[in-house]
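Engineer: Sharing a model that was predicted from the sequence below.
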Protein chains: 2
Amino acid sequence: MPTTNTDVKLNHDELLEHVLGPWAEDRRHVRKLMEDPVFHHPFNVTKEEHRELTLQQLHELVDRNIIGKAYPKEFGGQGNPGANVAGFAEMFHAHPSMQIKGGVQWGLFGSAILSLGNEEQHKKWLPGVLNMDLPGVYAMTEIGHGSDVGNIGTTATYIPEDDEFEIHTPFKAAWKEYLGNAALHGKAAVVFAQLITKNVNYGVHAFFVPLRDDEGNFLPGVGGEDDGVKGGLNGVDNGRLHFTHVRIPRTNLLDKLGHVNQHGDYTTPIASSGRRFFTMLGALVQGRVSLALTAANASALAMTGAITYGNQRRQFNAASDIEEQVLLDYGLHQRRLIDRLARTYADIFTTNDLLVKFHEVFSGEDDTDENRQELETLAAGIKAVTTWNAMDVYQEAREATGGAGYIAGKNRFNALRDDLDIYTTFEGDNNVLLQLVGRRLLGDYSKEFADGSFKVLTRYVAERAEHSLYQRSGLRRVVQQVTDVGSDRRSAAWLKDTEVQRELFSDRVRTQVAEVADALRPVAKKPQAEQAQVFNENQYDLIKAAKSQAELLQWESFTDALERIEDQDTRKIMTWMRDLFALSTIERDLGWFIEYGRISQQRARALRQYTNRLAARLRPHAQDLVDAFGFNQNHLRMDITSGSEQQRQEEALEYYRRQRASGEAPIPEKVYRARNS
Amino acid sequence: MPTTNTDVKLNHDELLEHVLGPWAEDRRHVRKLMEDPVFHHPFNVTKEEHRELTLQQLHELVDRNIIGKAYPKEFGGQGNPGANVAGFAEMFHAHPSMQIKGGVQWGLFGSAILSLGNEEQHKKWLPGVLNMDLPGVYAMTEIGHGSDVGNIGTTATYIPEDDEFEIHTPFKAAWKEYLGNAALHGKAAVVFAQLITKNVNYGVHAFFVPLRDDEGNFLPGVGGEDDGVKGGLNGVDNGRLHFTHVRIPRTNLLDKLGHVNQHGDYTTPIASSGRRFFTMLGALVQGRVSLALTAANASALAMTGAITYGNQRRQFNAASDIEEQVLLDYGLHQRRLIDRLARTYADIFTTNDLLVKFHEVFSGEDDTDENRQELETLAAGIKAVTTWNAMDVYQEAREATGGAGYIAGKNRFNALRDDLDIYTTFEGDNNVLLQLVGRRLLGDYSKEFADGSFKVLTRYVAERAEHSLYQRSGLRRVVQQVTDVGSDRRSAAWLKDTEVQRELFSDRVRTQVAEVADALRPVAKKPQAEQAQVFNENQYDLIKAAKSQAELLQWESFTDALERIEDQDTRKIMTWMRDLFALSTIERDLGWFIEYGRISQQRARALRQYTNRLAARLRPHAQDLVDAFGFNQNHLRMDITSGSEQQRQEEALEYYRRQRASGEAPIPEKVYRARNS
């Protein structure tokens, strides 16, 4: 048994810096502000009260001058998209509805104007966006088209005689749906519609459309419905909108990517309609990065609650009548919580890296087409796994804290989980996003092997894996296919070898992608319907490959982070955490690794045992590891982290201690019967 | 490829009978009544309004004369515990808070009086329990002791000079906690406390303790707090209670299992304090059976919603521009939903069998000590897996229906999920329950091999597995250890062989239990602390064994159910469903099966492919399979099952059809550019 576990001590301050990442100061600033109860979420209110409070909080955010960092300096911003998103992630623990309503206003509605509009449009609308004089709606999704934005039904037809566009909803499935700010507060919307001029459809473009007058009544031709009570985020007034021959000036087309002159002639700087479309959806990429970062931060909050409680709460004890063990002393509880703690760190490091990439592109530092596509792929996969992880962490934290965890008003797990839930399908359904990643991986793969036959591939040896995660979002090359012949090294040593882990993770992606590619190859030249059928038969496996890719990214970010840690003890502990992340992730898919001969049957057993041991070794550091997330009770606002549990236990222990000392303690029945039998 | 999938047709009526199980008429009756909006749950109300509505619904249930079937005829009941629980499970889709508040009143508070009280006590209190004149509280759990009831701190000390018990809460950790009816409506409570007389502590007993006067004010010495907003079930007024030297008459001890005479002498019909304690907690067993049945029914409701929508909703299509595929045509969507549909059927058949067992014991038909212990073990494991399955089903149903699924007021997934959440730790934390099962399995195992050495075991060949599930809750004997040598039969044929599946499932339990037993053996004679430590190191694995056991039970119930199906087509389809349940369950733990040589590496691949094929084969029957659950729109109350989606699509299709016919459809940009280039 290792004896090192308590000889080492975590450097809390250093680790916190790595957690907060490259925009640590911005995060600290917003996090600090969020301690103010004015920003906190309410309980036991109707949606009407909740919406009103949330609106007021947005005004308060404006007053505190902490929004708009991503905007240009002339509008009071800092031109710093990374800092903006970093701060955004820190609003979650205060009040997710405020965060998301703010995201709608400044991250979607405003960002669309900023990125798709021209200078004149910026001057006209952005000041109102930023100071909340102009609350707005990002009207993209339709009832009939959620993830499939390209096929939306709303039309924007240019009418040359009036120099106007006519925005029109041709049928109910084309109603705009699930739009934040639509039910009540939105005065205008950026409406995505098929741009039609001279009877040619140039695809989806964005239009600035006024919605309501100053009294809040819909303007002529505009209509809508309230979405009513949602599964969470009830401070955001989601609703539906429809447009009946609504006229807007031609100059309300946000025309950076496509312009229509007064004669109705269309011009664009991006000839490829596909590329133009994806650029049009840029605000969604920012949304995905923001949700991923938020999900990681949300997981950290829940882990802090569950582990702090697990370190105080006592229950049962086989070993002693006097003092019960705390929950975290139990083997099962360690695996439930410390595995997830390791994954939470992986999520944090991965999303911090993602944010750097995002900043590169959105600040213009490195806004090449290729880099933007990489960012899109990375954001899609990382958003998917981090939001799912957060849901899993909240459910486990709730259950691991039992009835206390269910008292939402006191411990918040359920309240925050309900708000988080929609993140899994927000800005793209996670499975659809993973399919995008999968298609990208298939594309990379077929490019590499345009001439090669399949059989070569599984024996393929290529250049060394790139060390840094974000050199390349696509398919990674593997040094060699891992084949575990079993026994040349002690299993634990083999399993914790960084190169072995790297190969296991990257080889899995490649092999899974290769299998799907192989299945698709025979129909590559066949009719589209047949291709689609075979693709469909392999969809489940392709999405598994994309998940494997996301797990590789997580592993890489975690491994990169280790190198930045200076304190030796901290690095040692975090290396155990990285190993636990790696091995517990492999354990969940152990069937694959054994089936493909990557891990031998003998080693599989060693892996399971070593993973248990790792969790136990990390157990003494669990509290330090959550304390390093840096939340205080003003952020946590949970009764279970208040110390009340510890206090109650001490009182109970003291009671029994005194009773025993007094000699008046009642005799247990068993003892009594034994004496009298 | 199989061609049988559309040649066969499900017999909806017959399958519904098997779904509704042995108390089909009682379920139908309650299910029908629950269509009445008077019983439905509200949205967008404060907890105060929600609680008041729920209270009124309980009175309405009394007026409709549908509660109390488990009570003796002299109190207006039917002495039919099976029918009672069957009806209870049908209240969930109307309003879970109503169901649970009813469960507190009649299933816990009333049941405790019925099963632990004497005839005089029955006459005195049961009429008021049944007609709601006496709303009550089941005061067992304490802040400091959730699952560990044996060590609660509340005391009930007999004071001979006054012929009274003094109920006392000695410290804050002993406050009663999370009690339904405690915050507002409870007039009395059954309080569990350590019975102390003549300075001997006879362990936990139940006492009838008045709480509030007719104006709703606490009686002297009684105090409490409101638990406030919870993660769900906010129609139930949960709260805390404490007692400061509260006196009650000696005759308020519910004394069937332990009596104190006026001199303070204690007598009991159950000498074993352990056995007495478990009998005392009988109401919890009923609770677990009720929650398991409810969870299965809840899963069926969610599957109906998600699959109906999946059969209507269209999104993307690679194959055709004209009509998009419905979601359920996608391979991934099939695995997401049809796998879970198969598991839902497994849950339904398993809980129906469990209900039969429960009825045997609680009706007195077969209330032996052994049968009761078996029931306890079965209920513990089955409650754990079915409630977890339901949570998983609700989350997947929500995500699979996207934004629509999040509109709680319309589609209810989140609202019902929030209510269900606590079922995972209600009446016993699922992991603690599984640990109970694991200990029982270890006990069985050590009994069988009291003399044998460990090495014998893995080669052990014993009598044939009992055919019917509930012959034996404990460790099942295996015909032979499965060793997959690969290739003597076609993989698909091997995998769908009932005996092969049986052996795979039962052998896994036995092997996993044997491993833990083996790990514990060396310390069997060692000090308790050392034993506890080794047990702890193996806790995670023991709980995995208990889950494997629960999955075996599910598989057995499903297989038994097949034999009862008379219609040949229906049996064929349901056999595919059973196979999908078996193989997708094995797939999730494939690592284990390969590692232990139960499934060869080659066969593992065949299993994954065949499981995909099975889901595809079942796809045409998916709608029939959920329709056979028998819910109509009054039960579902979901917009997504209303047909509105289909209607919208038809409208949109018609729009495009006419546009094309008119020759006025805008030309797509690509076509236009091609023409003009």
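Structural biologist: Cool, the structure landed. On a predicted model such as this, the values are computed, not experimentally measured, just so you know.

Engineer: quick check: domain ranges of chain A?
Structural biologist: The record's domain parsing of chain A by automatic domain parsing lists A:12-131, A:138-272, A:283-627, A:650-675.

Engineer: possible to save those domains as a markdown table with mean pLDDT, distance to chain B and mean neighbour count?
Structural biologist: All C-beta atoms are positioned from the backbone trio N, CA, C, and that covers glycine. Converted to a markdown table, these look like this (pLDDT from 0 to 100; distance: least, CB to the nearest CB, whole Å; neighbours: other CB atoms under 10 Å in any protein chain shown):
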| stretch | mean pLDDT | distance to chain B | mean neighbour count |
| --- | --- | --- | --- |
| domain A:12-131 | 96 | 5 | 20 |
| domain A:138-272 | 96 | 3 | 20 |
| domain A:283-627 | 86 | 3 | 21 |
| domain A:650-675 | 90 | 4 | 13 |
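
Engineer: Helix or strand next in line after the helix or strand containing residue A:343, which one?
Structural biologist: Assigned by DSSP states H and E, residue A:343 belongs to helix A:331-362. Next in sequence after helix A:331-362, counting helices and strands by DSSP H and E, comes helix A:369-400.

Engineer: quick one: residue A:604 and residue A:594 touch, right?
Structural biologist: Yes. Using CB atoms under 8 Å, residue A:604 is in contact with residue A:594, at 5.5 Å.

Engineer: What segments of the stretch 1-150 of chain A are helices?
Structural biologist: A:12-20, A:24-33, A:47-63, A:81-89, A:96-102, A:110-116, A:119-131 (DSSP state H, counting those that start in this stretch).

Engineer: and what of the stretch 201-350 of chain A?
Structural biologist: Counting by DSSP H, counting those that start in this stretch, the helices of the stretch 201-350 of chain A are A:273-280, A:282-310, A:331-362.

Engineer: thinking residue A:86 is in contact with residue A:354, fair?
Structural biologist: No. The criterion here is CB under 8 Å, and residue A:86 misses it with residue A:354 at 11.4 Å.

Engineer: residues shared between the contacts of these two?
Structural biologist: Counting by CB atoms under 8 Å, 6 or more residues apart in numbering or on different chains, the shared contacts of residue A:86 and residue A:354 are residue A:293.

Engineer: so what's the spatially most central residue of chain A up against?
Structural biologist: Chain A has residue A:292 as the residue nearest its centroid, 2.3 Å off, counting by CA atoms, centre = their mean. Applying CB under 8 Å, 6+ apart, we find residue A:292 in contact with A:347, A:350, A:351, A:354, A:379, A:382, A:383, A:386, A:387.

Engineer: if we go to 6 Å?
Structural biologist: A:351, A:382, A:383, A:386 (CB atoms under 6 Å, 6 or more residues apart in numbering or on different chains).

Engineer: So of these, which two are at opposite extremes in space?
Structural biologist: A:351 and A:383 (9.0 Å; CB to CB).

Engineer: follow-up on the earlier one: quick check: neighbours shared by residue A:604 and residue A:594?
Structural biologist: Common neighbours of residue A:604 and residue A:594 (CB under 6 Å, 6+ apart) are residue B:595.

Engineer: The domains of chain A: which one's closest to residue B:148?
Structural biologist: domain A:283-627 (5.0 Å).
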